[in-house]
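Q: 3D model of this:
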Amino acid sequence: MRCLKIVYVLLIIIIGFPIASHANGHDHWGKLDQISDQALQLVKQERYEEAKGMLDYFSEEFLKVNNESYSYSMDELRVITVTHDSALEAVTSTSLSLDDRVKKVTQFRLVIDAIRSEHQPLWTEMESSIMTTFNQMKETIVQGDTQTYQNQLDQFLSKYDMIHPSLKVDVSPLTVQRLDSHVSFLDSYRNESLKGSTRLQQMEQMELDLRTIFDNMSEDEADPSLIWVMISTGSAIILTLSYVGWRKYKGDNHRKIKQREFDDEA
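A: Numbers count the residues shown, from 1 in each chain. You can find the predicted model right below:
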């Protein structure tokens with residue numbers, strides 16, 4: 001019975017330790033995520049000095065997380081640094097419009113959420129807006145409406161630029177490079193007299209790549225750490241049941257032997 005209690009204690013430790021570690025990491029990023037969101041809300045209210053204070057506060061808290069040995073990739077560190085500096089520059093600039101300030105801080109906000117979120121990060125919520133603008137571009141090409149196409153392209157490029165840093169966090173470098181090449185083609189040849197069919201061919205391939213990215217991010221893939229918990233828990237339960245079964249088997253055999261000895265003596 002004592003051994004069985006020990007097994008149960010070990011089972012609780014096995015289950016509890018990874019969950020506690022997982023939750024602890026999320027608490028840190030939850031705070032950073034909240035700070036980035038508060039900075040964005042302050043910028044939307046044109047409270048730039050307070051927004052700067054929140055961004056400075058983010059730097060302090062981010063360093064604390066770094067000191068606790070949170071594992072970042074070089075790409076993540078680079079994107080965080082670049083978008084944070086860009087956001088800080090935007091809130092202290094006297095020449096940028098409100099829209100431009102909001103855009104820069106939104107980029108930073110989306111990046112922090114992308115690093116924290118395991119499923120469906122905030123940037124994926126722009127799918128409808130991005131794809132709507134993209135489809136409108138295709139329609140203007142078919143109609144031969146050059147001026148409207150230029151306007152729609154500008155809108156699309158602005159939206160794509162908004163999520164681009166987050167793509168570097170959540171999407172493979174090769175996929176981002178492929179998308180960037182599509183975007184570069186459309187922007188570089190916007191004023192060239194290309195055939196409509198040439199533009200459409202490029203856009204159709206780009207549309208497939210965009211939809212693949214959004215579809216992949218919408219899938220609820222299981223959290224690897226939770227899979228590890230389930231495997232560990234299942235293994236521990238199997239071991240526990242095996243141990244209990246073995247003890248029961250030994251006990252039954254012992255009783256049968258005693259019973260045979262008693263019958264022989266009788």
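
Q: where are the low-confidence patches of the stretch 51-200 of the chain?
A: Counting by pLDDT under 70, the stretch 51-200 of the chain has low-confidence residues at 66-71.

Q: On the pLDDT front, check I231 for me.
A: On pLDDT, I231 comes in at 47.

Q: So F108 is in contact with S36, correct?
A: Yes: when contacts are counted by C-beta atoms under 8 Å, F108 is listed as touching S36 (6.1 Å). Bear in mind the C-beta positions are built from the backbone N, C-alpha and C, glycine included.

Q: ok now do Q202, which residues does it touch?
A: For Q202, the contact set (C-beta atoms under 8 Å, 6 or more residues apart in numbering) comprises H182, F185, L186.

Q: again, but for M54
A: I35, Q38, A39, L42.

Q: returning to what we had before: considering the contacts of Q202, which possesses the most neighbours?
A: For the contacts of Q202, counting by other C-beta atoms under 10 Å, the largest number of neighbours falls to L186: 19 neighbours.

Q: nearest residue to that one other than its sequence neighbours?
A: Closest residue in space to L186, ignoring its immediate chain neighbours: L153 at 6.3 Å, by C-beta to C-beta, 6 or more residues apart in numbering.

Q: And the helix or strand where the one you found lies, what does it pack against?
A: Using DSSP states H and E, the element containing L153 is helix 146-170. Applying 3 or more C-beta pairs under 8 Å, 6 or more residues apart in numbering; DSSP states H and E, one finds that helix 146-170 contacts helix 74-92, helix 98-116, helix 127-143, helix 173-188.

Q: can you do 6 Å?
A: With contacts taken as 3 or more C-beta pairs under 6 Å, 6 or more residues apart in numbering; DSSP states H and E, helix 146-170 sits against helix 74-92, helix 98-116, helix 127-143.

Q: buried ones in stretch 44-54?
A: Under the neighbour-count criterion of 16 or more other C-beta atoms under 10 Å, stretch 44-54 has Y48, A51, K52, M54 buried.

Q: And stretch 79-98, by the same measure?
A: By neighbour count on 16+ other C-beta under 10 Å, the buried set for stretch 79-98 is V79, I80, T83, H84, A87, L88, A90, V91, L96.
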